[in-house]
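In: please work out how this folds:
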Amino acid sequence: MAAASVRALARLSRLSLPLYRCRPGSFSNLVPRAHLHGPGRAYGTGGPGFRPRLWSGLPLRGGGSRAVGCAFLLGGGLGLIYTLRGSFQRHLAEQRSDDQTSELKLTLYQYKTCPFCSKVRAFLDYHGLPYEIVEVNPVMRQEIKWSEYRKVPIVVLNGTVQINDSSVIISALKTYMISREKTVPQIIICYPELRSKNEKGKEVVEYSNKYWLMLTESESKKLYPEKDSQKEEMKWRQWADDWLVHLISPNVYRTPSEALASFDYIVREGKFGSLEGVFAKYMGAVAMYFISKRLKSRHNLQDDVRQDLYKAVNQWVSAIGKKRKFMGGNQPNLADLAVYGVLRVMEGLQAFEDMMENTKVKTWYGRMDKAIQLHEGKM
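Out: Residues are numbered from 1 along each chain as shown. The predicted model follows:
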């Protein structure tokens, strides 16, 4: 794994982009960064020897006073020009960024009942970003045959830029919405693909920095005004991926009847042929019932897996506390959207009803429903 990481970063370091570096907020010193070496220009007043050299070139006797006056007028005029030009360029950049955000053409390749895909939809809907959905057949996956990356979700931007992995998709698009300087291809470079092999010899693809937003320090402070709020958001986003997701299958396939009901829902909402649907509903339900038992053992869950689900959900609600509507305060943050997206895939199933009845999540979940339906995060 270490060798694969080094090779990936070595390839990355050879890329060149002008005047741009990956900057994961004010906590950049805590995370391995991908440095992009490119041309740059520094503007300033010069070093300690700058002023003496400037003055030594002026005739200070005779017409010296007029020369000095002209120099100050010239310097002031140039300063005003640079200031106006910088202000105009910033205005154009902001206008261009607003236009780009409104003209984003996003295509989401997904399985509707996939919790990672649900996370992405929650993010897009909350921010009011229009997108098209391509439902992928989970058996043949012909809809993504063009992609070397064979998992979902995949987002394609403007028909040309592919973004993989739910957390990378969310981090990259959120960075793009906030930043006034970066393009999506520049941002994606900051989430390098790392390949390794697990204990069974199977290749595993992971993405570095995927819970970071690549913002300047000022952008980061504006988005995260409260101390440690960025760290908290990242912690719970990772918790949703590393723990909460793994509680879904053991709970929705807990009993034969629940497994059958789950696959009935999957077949209705997914993209299956008629014969595939029949096969998936019955054979899939049987297979996943037994697989869920293995998952319970792998993740050290209790015999009654509902108790692990209740404990995790109540842990999340306790982390929000009584003084906040959301973990993000008055508005959901990326952790809120991630947890909501994962839990939402159980809607309509017995596990969801039991969770609502036996935990304290109902109030928060209702607020999230409303915020997403009203696109309250639209920028």
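
In: what's near enough to touch Ala338?
Out: For Ala338, the contacting residues are Lys119, Ala122, Ser167, Ile170, Trp236, Arg237, Ala240, Asp241, by CB atoms under 8 Å, 6 or more residues apart in numbering. Placement of C-beta: from N, CA and C, glycine included.

In: chain neighbours aside, what residue packs nearest to it?
Out: Leaving aside its sequence neighbours, Ala338 sits nearest to Ala240 (CB to CB, 6 or more residues apart in numbering; 4.2 Å).

In: my read is that that neighbour contacts Val342, right?
Out: Yes. Between Ala240 and Val342 there is a contact at 5.4 Å, judged by CB atoms under 8 Å.

In: list residues touching both of these two?
Out: Taking CB under 8 Å, 6+ apart as the criterion, Ala240 and Val342 both touch Lys119.

In: more neighbours, those two?
Out: Ala240 (27 against 22; other CB atoms under 10 Å).

In: can you confirm the more buried one is in a helix?
Out: Yes. According to DSSP: H, G, I helix; E, B strand; the rest coil, Ala240 belongs to a helix.

In: tell me how far it lies from Ala319.
Out: As judged by CB to CB, to the nearest Å, Ala240 and Ala319 stand 12 Å apart.

In: what stretches of this structure score poorly on pLDDT?
Out: 1-21, 23-103, 274 (pLDDT under 70).

In: switch the cut-off to 90
Out: Within the chain, the segments meeting pLDDT under 90 span 1-104, 137-140, 180-182, 197-204, 260-298, 379.

In: would you list every one of the strands in it?
Out: Using DSSP state E, the strands of the chain run over 106-110, 131-135, 154-157, 161-164, 193-197, 203-207.

In: what's the most buried one of those?
Out: Greatest average neighbour count among these goes to strand 154-157 (a mean of 22), per mean count of other CB atoms under 10 Å.

In: which strands and helices sit next to it?
Out: Judged by 3 or more CB pairs under 8 Å, 6 or more residues apart in numbering; DSSP states H and E, strand 154-157 is in contact with strand 106-110, strand 161-164.

In: contacts only, for the residue nearest to Ala338.
Out: Contact analysis of Ala240 by CB under 8 Å, 6+ apart lists Lys119, Ala335, Ala338, Val339, Gly341, Val342.

In: returning to that earlier point: take the helices and strands packed on strand 154-157 and write them to a markdown table, including distance to Gln302.
Out: As requested, the helices and strands packed on strand 154-157 are arranged in a markdown table below (distance: least, CB to CB, whole Å):
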| stretch | distance to Gln302 |
| --- | --- |
| strand 106-110 | 31 |
| strand 161-164 | 34 |
